[in-house]
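>>> here is a sequence together with a model predicted from it:
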Amino acid sequence: MRPINLSLTFSGMLLALMSAPDLAHAQPATHPGVSLTTGIALTSQYDDETHLGRGVLLSVGVSSLVWDHVRVEGELALARHHRDKGALEVTGTPLTGTARAAWMFGSRTSAVRPFVSAGVLVMHSRGDWVQTYLVPSANGAPVVGSVDRRTWRVTTPGFETGLGIDVRGKGRMWWRPDVRFSATTGDSGYTPGVTTLETPILAVRAGLTVLW
């Protein structure tokens, strides 16, 4: 999924949340100190050369408001991305652990708190890569030639940036639409034709997280 489509998804979730009367007009309550988080998002993955596909990401974590404007979080996210277009088919399952800090705007009693965040991560990605090569037939028309099938397993550190809004729900619940971008480190040992993926692995995600 292209980044612009992810941004449109994020904008739609923001409009839906901001129009919900129970959220915008709830009674004043303190932003919770420690929360469990669960989330779902749409993600699109890339390596240094090509689009690796898009899919669904699920996450769980812990979030703590350590100061009025600073929140720290730990998150574990599992995604599946798939691409089957043209001569390339790719399916991958990245597992990512992230530690992030966010600057929260507004006060602890605000019903809506925009934020920006940054963090570090470790990603373990594995998957299958199928490249089909076309060759000319006797009359010059392209036909299927050889098929190159590979698998990959890579574990690499990286960083993440993001932005979003925490919107108060009922009780301790908060709703968080957010957009995040992440990138892993590159691989100086990449060998064309031997190494399947050319890192860095780039990812864009837009989703909704619930704080309990």
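It's in.
>>> the bottom helix or strand of this protein by mean pLDDT?
helix 21-24 (a mean of 42; mean pLDDT, DSSP states H and E).
>>> tell me the helix or strand right after that helix.
Scanning forward in sequence from helix 21-24 by DSSP states H and E, the next helix or strand is strand 34-46.
>>> show me which residues of that next one are buried.
35, 37, 39, 41, 42, 43, 44, 45, 46 (16 or more other C-beta atoms under 10 Å). No exception for glycine: its C-beta is placed from N, CA and C like everyone else's.
>>> how about the fourth one, what does it touch?
This means residue 41. The contact partners of residue 41, by C-beta atoms under 8 Å, 6 or more residues apart in numbering, come to 56, 57, 59, 180, 205, 206, 207, 208.
>>> beta partners for it?
Note on residue 41: beta-bridge partners residue 57, residue 207, judged by DSSP bridges.
>>> check what pLDDT it gets.
Note for residue 41: predicted pLDDT of 98.
>>> what of the last one?
At residue 46, the model reports a pLDDT of 95.
>>> relative to residue 165, how far out is the nearest residue to it once chain neighbours are set aside?
For residue 46, ignoring the flanking residues on the chain, the nearest one in space by C-beta to C-beta, 6 or more residues apart in numbering is residue 202 at 4.3 Å. Distance of residue 202 to residue 165, given as C-beta to C-beta, to the nearest Å: 24 Å.
>>> between the two, which has more neighbouring residues?
Applying other C-beta atoms under 10 Å to residue 202 and residue 165 shows that residue 165 carries more neighbours, namely 20 against 17.
>>> wait, the more buried one sits on residue 117?
No - the criterion here is C-beta atoms under 8 Å, and residue 165 misses it with residue 117 at 11.8 Å.
>>> what segments of this structure are strands?
34-46, 51-67, 70-85, 88-92, 95-104, 112-136, 142-168, 174-184, 202-211 (DSSP state E).
>>> show me the contacts for residue 158.
120, 121, 122, 123, 182, 183, 184, 185, 200, 201.
>>> pull out the buried residues from these.
Buried among those (16+ other C-beta under 10 Å): 121, 123, 182, 183, 184, 200, 201.
>>> what residue ranges in this structure score low on pLDDT?
The model of the chain has pLDDT under 70 over residues 1-30, 32, 188-195.
>>> go again with 50.
Residues of the chain meeting the criterion pLDDT under 50: 1-4, 6, 8, 10, 14-27.
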